[in-house]
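Enquirer: this is a predicted model, with the sequence first.
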Amino acid sequence: MNEAKSRQIGVMGGTFDPIHYGHLAAAEEAKEAFNLDQVIFVPAGIPPHKDEQQVTSAHHRYLMTLLAIMGNPGFEISRVDLDRKQVTYTVDTLRDLRRLLPECELYFITGADAILEILSWKAADEVLSLAEFIAVTRPGYGLDQLAVALGPLYESFKERIHILTMPPMGISSTDIRERLAKDRSIRYLLPEIVINYIHKEGLYSK
Ligand code: ATP
Ligand code: MG
């Protein structure tokens, strides 16, 4: 461990449209397994590969994320990506957080699907040099292709990518949105306080 860096901070990036127990459990597992002092949830501004119109407004996603993490003193939220007003790339998230938290060691937490897209991320080599990576398992996505996906970067960075097995939670925001569009129940998939907010604001209905 680098002794100059006094605090270990997890960074949980995502669209959080809406946030659910898969995100919260991944962050909690990573926090415990890697002895992190805090996990910062960073809702994406405009996610790459997603049209701005297809994503719920930053305002609602920020508030849903805030409501979901409120009860956990080890969880925080940051607006760095929301306030950038550009397409969100992980390299910018990590550059900003490194600037804001110079004394901290950053651990970027991703699900198996997100890490496998790493090569399509802007400046993948810089991304990998800015943080340690915790790749959590996710049902439906294998991590056995990681070396292939990373290609030539794998050898240099494999020590910085840590695989974390978590209890499988087959929950996705896409499924929650589809359920809401069909008037199906979303109970027990995400915190009740977020469900109440979704209904109050009439989000994701047809
Ligand atoms: P969508 O279906 O809209 O893509 P999502 O459920 O994948 O939503 P994101 O906001 O895209 O949620 O994901 C943010 C991060 O959380 C990603 O790194 C993703 O891999 C991870 N993640 C999401 N759901 C799970 C889950 N059930 N188990 C483990 N990791 C997850
Ligand atoms: Mg996703």
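Expert: Looks like it came in fine. Ligands and ions are numbered 1, 2, ... in the order given.

Enquirer: what sits against the closest residue to Leu130 other than its chain neighbours?
Expert: The spatial neighbour of Leu130 that comes closest, neighbours along the chain excluded (Cβ to Cβ, 6 or more residues apart in numbering), is Leu94 at 4.0 Å. Backbone N, C-alpha and C define where each C-beta goes, glycine included. Shown in contact with Leu94 (Cβ atoms under 8 Å, 6 or more residues apart in numbering): Val11, Leu106, Phe108, Val127, Leu130, Ala131.

Enquirer: for the residue in the chain that ligand 1 sits nearest to, give me its contacts.
Expert: Using Cβ to the nearest ligand atom, Gly111 is the residue of the chain that sits closest to ligand 1, at 2.0 Å. By Cβ under 8 Å, 6+ apart, the contact set of Gly111 is Gly22, Ala26, Ala135, Val136, Arg138, Tyr141.

Enquirer: closest to Glu178 among those residues?
Expert: Gly22 (15.2 Å; Cβ to Cβ).

Enquirer: how many neighbours does the closest residue to Ala25 other than its chain neighbours have?
Expert: Closest residue to Ala25 apart from its sequence neighbours, by Cβ to Cβ, 6+ apart: Met169 at 5.8 Å. Met169 has 18 neighbouring residues, counting by other Cβ atoms under 10 Å.
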